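Using only what follows, build the 3D model:
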Amino acid sequence: MPGGRLTQPERQQIATGLADGLAYAEIARRLDRPTSTITREVMRNGGPTAYRADLAHRATERRAHRRRQAAPRGAEAPPQAHGRDAEAVREYEEAFTTLLMQQGLPKMMSRVLTCLFTTDAGSLTASELVQRLQVSPASVSKAITFLESQGLIRRERDERRRERYAVDDDVWYQSMVAAARSNFELAETARQGVAVLGPDTPAATRLENIARFVEFVGESITRAAEQARDVLYTRPGTTAGDGTERT
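Numbering: from 1, shown residues only. Next up is the predicted model:
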């Protein structure tokens, strides 16, 4: 699989593929590139409906030029743990951030969450996040508040009494349970409207249908999340629910 940055001919092929309605995965297959590379390239440069190969290429060159100017002479990327490739890690973090943004998470929240996911410790202080992301403390604080409200991270204190922000193995379980609670709240509010608008009216029927639908979805999400947690988060050598080792 080829490495390095996308070339201008490759960007032209991406533009052609988008115009032909091809999926990112198919474009990536034709270029022998990771799908994440294509996704990141398109989302960075206008999205699938506004992507232009020439503009994308110039924008990439400008970004590279700015990075070279900003980097102090003789400065090197900090060493990575476990012998990791610093450039590969950076590219992966950008791809993960792009994916979270595609799913509706704001950019700064996506960057903070990606940073926590890809940290071996699974937790960082606010100052560490500021340093890693090169953003203001206010931006980190706003992102942390939002992510915590969504059940995606939690606060803890280390041995030095510093506040740290952490992601747990069951972060997606907590997030889905929070989404289910939102569905139940929506169902309850919709049913209040049924009483206000009068039963058997078209508006009340519509609200009752909404309530039933989101209630059903919320219950399904909760059951699926609980089942997935029991199955997927069981430690190797144990059976879910009994805590005993397999023989």
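
Please, which helix or strand holds the residue nearest to the spatial centre of the chain?
What sits nearest the mean C-alpha location of the chain, by Cα atoms, centre = their mean, is Leu100, with 2.6 Å. Using DSSP states H and E, the element containing Leu100 is helix 86-102.

which residues make contact with that helix from outside it?
34, 36-37, 39-40, 43-44, 77-80, 107, 109-111, 113-115, 117-118 (Cβ atoms under 8 Å, 6 or more residues apart in numbering). Where you see a C-beta, it was placed from the backbone N, CA and C, and this is true even at glycine.

Could you tell me how far that helix lies from the centre of the chain?
Here helix 86-102 is found 9 Å from its chain centre; the criterion is Cα atoms, centre = their mean, to the nearest Å.

Other residues contacting the helix or strand following it?
Counting by DSSP H and E, the next helix or strand C-terminal to helix 86-102 is helix 107-117. Helix 107-117 is contacted from outside by 93, 96-98, 100-101, 105, 122-124, 129, 132-133, 135, 139-140, 142-144, 146-147, 152-153, 165-167, using Cβ under 8 Å, 6+ apart.

Could you rerun that using 6 Å?
93, 96-97, 100-101, 132-133, 139, 143, 146-147, 167 (Cβ atoms under 6 Å, 6 or more residues apart in numbering).

Over to stretch 215-234?
Taking Cβ under 6 Å, 6+ apart as the rule, stretch 215-234 contacts 169-170, 173, 176-177, 180, 183-184, 187, 240.

Filter those down to the buried ones, ChimeraX style.
This is how ChimeraX selects the buried members of the contacts of stretch 215-234, with burial counted by 16 or more other Cβ atoms under 10 Å:
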select :173,176,177,180,183,184,187
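
rewinding a little: just the angle between the helix holding Leu100 and helix 107-117, please?
Angle, helix 86-102 to helix 107-117, by axes from the mean of the first three to the mean of the last three Cα atoms, to 10 degrees: 130 degrees.

residues of helix 86-102 that come out buried?
If you call a residue buried by 16+ other Cβ under 10 Å, then helix 86-102 has these buried ones: 91-101.

now, among the contacts of helix 107-117, which is nearest to Gly193?
Lowest distance from Gly193 to these (Cβ to Cβ) belongs to Phe146, with 28.6 Å.

Relative to Glu208, how far out is the closest one?
32 Å (Cβ to Cβ, to the nearest Å).
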